[in-house]
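Asks: pasting the sequence and the predicted model now:
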Amino acid sequence: MKKLLLISVILTILIGCSSEKVNFSQLQDRNGMLYLVNSEKPFSGDVISYTNGVLDFDGRVSKGLRDATWTYYYPSGQKKMTGNYKEGLKDGTWTYWNVNGTQQGLEVYKFGKMISFQGTIPQEARPDSTKTISGPGGTTSESNLAPATPAKKVEKKQLPIEYERLHGGPVKSFDGIPYTGPVVKHQKNGNREFEGYFTNGKKSGKWTYYDKKGDIKDVKYY
């Protein structure tokens, strides 16, 4: 009888503990997986987060990755957005509301890739927190959970050409056209002799000259 009572008490304690939500700040990100501090096993359980004592979001982590339904809130307690994760990636429908509680937008994801979008996402519905979160692709921040603005196109930096490839007198040309771009000339020992920039075939901007050891000996501006 005593054994049964003891087992019952233990089960009650375990059930009670398992239903408790862990503060998100108690988790550590290790190579894209979430762990409790001092734990060697990826965390599984419900999580919750507060900002200045106000509920920020709650959700679930399974084997170190975000899983199931996650919900984010405005300081008023109104839902900001909610949706599902599967193995750390957005999956299924995500719904967004403005601060007044009016539904504004819907997104549908499949394995982290957005496949459809309706409505608009209010600016205030974008999470402000910078808490670290995890997914199979690595670490990101809560501020990236809402759709990001289109990334600016990164222009590739033009590589310098060897000075010897230019032709002409006062106006240098490349392939018959006055050259615009960076140039470099190397010494016989492989070190740079000088580097600079041409605009419409003429020297422009900063030009740097080097000695035989490769150290700067002079800088000129054109």
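Replies: Sure thing, it's come through. Numbers count the residues shown, from 1 in each chain.
Asks: any idea whether K80 is helix, strand or coil?
Replies: The three-state label given to K80 by DSSP: H, G, I helix; E, B strand; the rest coil is strand.
Asks: isn't it right up against Y72?
Replies: Yes. If you go by CB atoms under 8 Å, K80 and Y72 touch, sitting 4.3 Å apart. C-betas here are computed from N, CA, C, even on glycine.
Asks: what ranges do the helices span in the chain?
Replies: Assigned by DSSP state H, the helices in the chain fall at 2-18.
Asks: walk me through the domains of it.
Replies: 19-144, 161-221 (automatic domain parsing).
Asks: can those domains go into JSON lines with extra columns for mean pLDDT?
Replies: Output for those, formatted as JSON lines (pLDDT from 0 to 100):
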{"stretch": "domain 19-144", "mean pLDDT": "82"}
{"stretch": "domain 161-221", "mean pLDDT": "90"}
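Asks: deepest of those domains, which one?
Replies: domain 19-144 (a mean of 16; mean count of other CB atoms under 10 Å).
Asks: what does stretch 107-125 rub up against?
Replies: Under the criterion CB atoms under 8 Å, 6 or more residues apart in numbering, residues 74, 80-81, 83, 86, 89-94, 96-99, 103-106, 135, 137, 146-147 lie in contact with stretch 107-125.
Asks: cool, stretch 84-91 as well?
Replies: Taking CB under 8 Å, 6+ apart as the rule, stretch 84-91 contacts 32, 59, 65-70, 83, 92-94, 107, 109-112, 114, 134-137.
Asks: please apply the same query to stretch 70-78.
Replies: With contact meaning CB under 8 Å, 6+ apart, stretch 70-78 is reached by 51, 54-60, 79-85, 97, 99-101, 124, 127, 145.
Asks: now do the end-to-end distance for it.
Replies: 14 Å (CA to CA, to the nearest Å).
Asks: how far does stretch 81-101 sit from its chain's centre?
Replies: Offset of stretch 81-101 from its chain centre (CA atoms, centre = their mean, to the nearest Å): 18 Å.
Asks: end-to-end on that stretch?
Replies: 10 Å.
Asks: same thing with stretch 92-108?
Replies: End to end - CA to CA - stretch 92-108 spans 5 Å.
Asks: next one: stretch 41-55
Replies: Taking CA to CA, stretch 41-55 runs 27 Å from one end to the other.
Asks: outside of that stretch itself, list whatever touches it.
Replies: 18-25, 27, 33-36, 56-65, 73, 75, 77, 128-129, 131.
Asks: what about stretch 93-107, distance to the chain center?
Replies: Distance, centroid of stretch 93-107 to centroid of chain: 23 Å (CA atoms, centre = their mean).
Asks: give me the nearest residue to V219, chain neighbours excluded.
Replies: Leaving aside its sequence neighbours, V219 sits nearest to T208 (CB to CB, 6 or more residues apart in numbering; 5.3 Å).
Asks: equivalent analysis for L159, please.
Replies: Per CB to CB, 6+ apart, closest to L159 is P182, 7.3 Å.
Asks: wait, the one you found touches F194, no?
Replies: No. Judged on CB under 8 Å, P182 makes no contact with F194 at a distance of 11.4 Å.
Asks: tell me who's in contact with G168.
Replies: G168 is in contact with G201, counting by CB under 8 Å, 6+ apart.
Asks: ok, P178 - contacts?
Replies: By CB under 8 Å, 6+ apart, the residues touching P178 are 171-172, 200-201.
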